[in-house]
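Novice: need the 3D shape of this:
(2 chains)
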Amino acid sequence: MECIMQGIIETQHVEGLAVLLQGLCGSQRQAVKIHDLCLKSGPNLGQVPSEMHLMCDLSHQEPRWIVRHVGGAMRGAGAEQMPALVRSVLNCRISNNALRFFHSLGYKLDHELLQTGFKFQFHKVVPITVSVTSVCKIPKLHMIEEAVPITPGLQLVEVSASTSGDNYTEVAAAVSGLAEQLAPLLHLSKPGVLTGVVPTASAAASSLTSRATKVP
Amino acid sequence: MKSIESLNVTRGARWEAKAAQYRPMLRDQNLPADFARDLQSIFFSENPSKFFFILRTEHMVVEADSNVQDIMERLQTYRNRLTFVFEGYQYQLGDFNLKAGRAVLNGESIRGIVLEVEYLPVSSIEKSRTLLQEFVELWQDVISKHSLNGKISHLEPPFGSYLLSDTYSWQHTAVQYTNMMTHFLSQRS
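Specialist: Next up is the predicted model:
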């Protein structure tokens, strides 16, 4: 399972966010370059339609493949009151013939995206990942070099942490606590909830980047 | 097992490999189904963090973390049709690692005895081929001298068609055991 919050930030303020995250995290950022292939079961396969994601991590010398299944979100009054979404997620490393394998099993490519940017790994109460990425569509099949941003000028920020069934309250609190620290720059909420950009982002980003420039 | 233990070998731990064959779950049996019908999998107790899939028609072996089973269960697109369990004991004889055990179909029917020989110093399949063949021939002599029934039949694994390298790996073992499962299934019970 995972707890996750999302928000958007204007590209011009990303460096300010990076400065803030660097200060909060204390470690260096890591590059993110992921080719995300969404596969859906073909007609007549399975009792109900299903989908999964093949994620190819291109940020290393050798591409690393992961198969990811995102299940349903936690429901109920308790879940609705939580600031973070808690949902079932399974990630699994797989060999680089995974796409051909799932295609042979009857899965079809529904869409593919390229996410590029950076992430910070926090080690607070629980390990938390904050990623800032430009999400791009790929107009020609698998041609990631020709990817174009879906929303030019805007980037996706995700704050996420893994959780087991018995500590999700604590993890959700840690995720939302970190999200609150980013409030001057962006508003984070559950995926699917529209947030928009925050009016203080410009001033906050300028302040952060000028401070970062002055620090010897 | 008697023939091995007569060689003054060191008996080691138990081993187990679980192989399965799947069939696709179709919403309507009358509609065309343009996807694989020969999906197999194998899991080794000695390598519990990994899980292997084989598509025989495509000559494809896929290696994944063992929690891929959870993902396949959630996808609900392929159902387990039958399971083969290979289980027995390991033995050490100098530079050779031997495994001997039985192949059991669906927990009920013993379909045969399996023997695996590994030459530890060399991981090249071609370089160790002759040595392994000679070892198996010696083993067959031991079986005959003890007036035991049975003949060792070598199952040549189709590594070449799977485009696997000359360096032996768990993917090679996955192909060998699923090949054995296919062989046992093709035999009359």
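
Novice: I'd guessed B:Phe35 sits against A:Ser104; true?
Specialist: Yes - B:Phe35 lies in contact with A:Ser104 (C-beta atoms under 8 Å); the separation is 6.7 Å. In this view, the C-beta of every residue, glycine as well, is placed from N, C-alpha and C.

Novice: over to the closest residue to A:His187 other than its chain neighbours. Which of the three states is it?
Specialist: Closest residue in space to A:His187, ignoring its immediate chain neighbours: A:Thr195 at 4.4 Å, by C-beta to C-beta, 6 or more residues apart in numbering or on different chains. With DSSP: H, G, I helix; E, B strand; the rest coil as the basis, A:Thr195 sits in coil.

Novice: just A:Ala172 next, same as before
Specialist: Reduced to three states by three-state DSSP, A:Ala172 is helix.

Novice: repeat for A:Ser134
Specialist: Reduced to three states by three-state DSSP, A:Ser134 is strand.

Novice: do the same with B:Gln69
Specialist: Taking three-state DSSP as the rule, one finds B:Gln69 in the helix state.

Novice: quick one: contacts for it?
Specialist: Going by C-beta atoms under 8 Å, 6 or more residues apart in numbering or on different chains, B:Gln69 touches B:Phe51.

Novice: are we agreed that A:Asn91 is in a strand?
Specialist: Yes - counting by three-state DSSP, one finds A:Asn91 located in a strand.

Novice: and stretch B:163-181, how far out from the chain's middle?
Specialist: 8 Å (C-alpha atoms, centre = their mean, to the nearest Å).

Novice: count of neighbours near B:Leu26?
Specialist: 17 (other C-beta atoms under 10 Å in any protein chain shown).

Novice: pretty sure it contacts B:Phe35?
Specialist: No - counting by C-beta under 8 Å, B:Leu26 stays clear of B:Phe35, with 9.5 Å between them.

Novice: give me the phi and psi for A:Ser162.
Specialist: phi -80, psi 150 (degrees, to the nearest 10).

Novice: quick one: it and A:Arg87, what's the gap?
Specialist: 11 Å (C-beta to C-beta, to the nearest Å).

Novice: those two - which one has more neighbours?
Specialist: A:Arg87 (19 against 16).

Novice: residue contacts, that one?
Specialist: A:1-2, A:4, A:70-74.

Novice: helices along chain A, start to end?
Specialist: A:14-25, A:77-81, A:98-104, A:168-181, A:201-214 (DSSP state H).

Novice: before I go, just wanted to say thanks for your time.
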